[in-house]
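[1] Requesting a structural model of the entry that follows:
(one chain, ligands or ions: 1)
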Amino acid sequence: MSIKVAVLGAKGRMGSEACKAISAAADLDLVAQIDIGDSLDLLVSSGAQVVVDFTHPDAVMGNLEFALKNGINVVVGTTGFDEGKLSQITGWLATQPQTGALIAPNFGLGAVLMMQFAAKASKYFESVEIVELHHPNKADAPSGTAARTAELITQARRSVNKEPMPDATSSALDGARGALVGEVPVHSVRLRGLVAHQEVILGDLGETLTIRHDSIDRTGFMPGVLLGIRSVVTHPGLTFGLEHFMDLN
Ligand code: NAP
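    Just a heads-up that it's a prediction; the model follows:
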């Protein structure tokens, strides 16, 4: 039996791609395409089992409250989640023990793998730095993906008590050594012609390892969105990060 899916933000850049990908999947049934001004009641009347949200950080919490209180699983790509918002979601889920919520800061399977590989590798190298490269219209620096990668690397290094990274810099122009996220220097490049790219460079005596991911088009997020939809229906409770639905051992 196919999974009935609704998309919120269906006219947006990500939402419209998600509608195409869901329509093309034989095991999924796109039952509602909802955008600003449409009633959320459509989620219930369409019989949606999963709602995918690609709207706006200001709108997403209201959408999630409605969906979760009606026992509808959610797959969320909209950004801007902090601890406070996550605990609010956990509260709504507590009243619906069969319902699942996936919050995925990045649906790119390659991007998720890049973050996981980088964290694993960082236990074995003395030093690691991140260079993220994006189009010049991007508002935030460093990117959320780079910040998350740096946090994962920092956790991994601390778990094996790595020594601080050697750096003899005694004078530097502001920003020359990047921004420190956790223990990791992150360098942000903004250039026309770029889309979204990231390199994690690891170094130790006599060798370096570079892990690079390139996001070229929004279609690259769709295999991750479909994986999220198929997985959330069998994973009640809150899941933060698509890596939890991937076999990474
Ligand atoms: P977008 O093109 O602006 O699309 C958002 C759509 O949602 C618009 O059609 C918007 O309508 C609509 N909308 C706003 N509030 C709504 C509401 N209350 N109910 C229903 N629809 C509503 O943005 P986008 O580029 O698709 O990005 C959407 C979100 O996904 C952003 O937070 C972005 O950062 C995030 N994102 C996540 C990933 C990931 O992998 N997790 C990847 C890319 C983007 P109006 O235009 O009329 O306001």
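
[2] For this structure, which segments count as strands?
    With DSSP state E as the criterion, the chain has strands at 3-8, 28-34, 50-53, 73-76, 100-103, 127-134, 179-181, 184-190, 196-204, 207-215, 237-240.

[3] just so I know, which of the ones you listed lies nearest the ligand?
    Closest approach to the ligand among the strands of the chain (Cβ to the nearest ligand atom): strand 3-8, 4.7 Å. All C-beta spots, glycine's among them, are computed from the backbone N, C-alpha and C.

[4] and that closest one with strand 28-34, angle?
    Interaxial angle of strand 3-8 relative to strand 28-34 (axes from the mean of the first three to the mean of the last three Cα atoms, to 10 degrees): 30 degrees.

[5] Which secondary structure elements does strand 3-8 sit against?
    Applying 3 or more Cβ pairs under 8 Å, 6 or more residues apart in numbering; DSSP states H and E, we find strand 3-8 packed against helix 13-24, strand 28-34, strand 50-53, helix 222-232.

[6] Other residues contacting that strand?
    Contacts to strand 3-8, defined as Cβ atoms under 8 Å, 6 or more residues apart in numbering, come from residues 15, 18-19, 22, 27-35, 42-43, 46-55, 63, 72, 229-230, 233.

[7] now do 6 Å
    Here strand 3-8 makes contact (Cβ atoms under 6 Å, 6 or more residues apart in numbering) with 15, 18-19, 22, 28-34, 43, 46-53, 55, 63, 229.

[8] Relative to Leu42, how far out is Lys4?
    Distance of Lys4 to Leu42, computed by Cβ to Cβ, to the nearest Å: 12 Å.

[9] residues near the closest residue to the ligand within the chain, how many?
    Nearest to the ligand, among the residues of the chain, is Gly12, at 2.0 Å (Cβ to the nearest ligand atom). For Gly12, the count of nearby residues is 18 (other Cβ atoms under 10 Å).

[10] How about Gly100?
    22.

[11] is the helix ranked longest in the chain anywhere near the ligand?
    Longest helix of the chain, by residue count under DSSP state H: helix 144-159. No: judged by Cβ under 6 Å from any ligand atom, helix 144-159 stays clear of the ligand, getting no closer than 8.2 Å.

[12] Which secondary structure elements does that helix sit against?
    helix 109-121, strand 127-134, strand 184-190 (3 or more Cβ pairs under 6 Å, 6 or more residues apart in numbering; DSSP states H and E).

[13] Can you tell me which of the helices and strands packed on strand 3-8 is most buried?
    strand 50-53 (a mean of 27; mean count of other Cβ atoms under 10 Å).

[14] That one: partners in the sheet, and parallel or antiparallel?
    strand 3-8 (parallel), strand 73-76 (parallel) (DSSP bridges).

[15] Keeping just the C-alphas, turn that strand into PDB.
    This file holds the C-alpha atoms of strand 50-53, laid out as PDB (Å, rounded to 0.1, in the frame of the first residue of the first chain):
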ATOM      1  CA  VAL A  50       3.200  12.100   6.200                       C
ATOM      2  CA  VAL A  51       3.500  15.800   5.700                       C
ATOM      3  CA  VAL A  52       6.700  17.300   4.200                       C
ATOM      4  CA  ASP A  53       7.400  20.900   5.200                       C
END
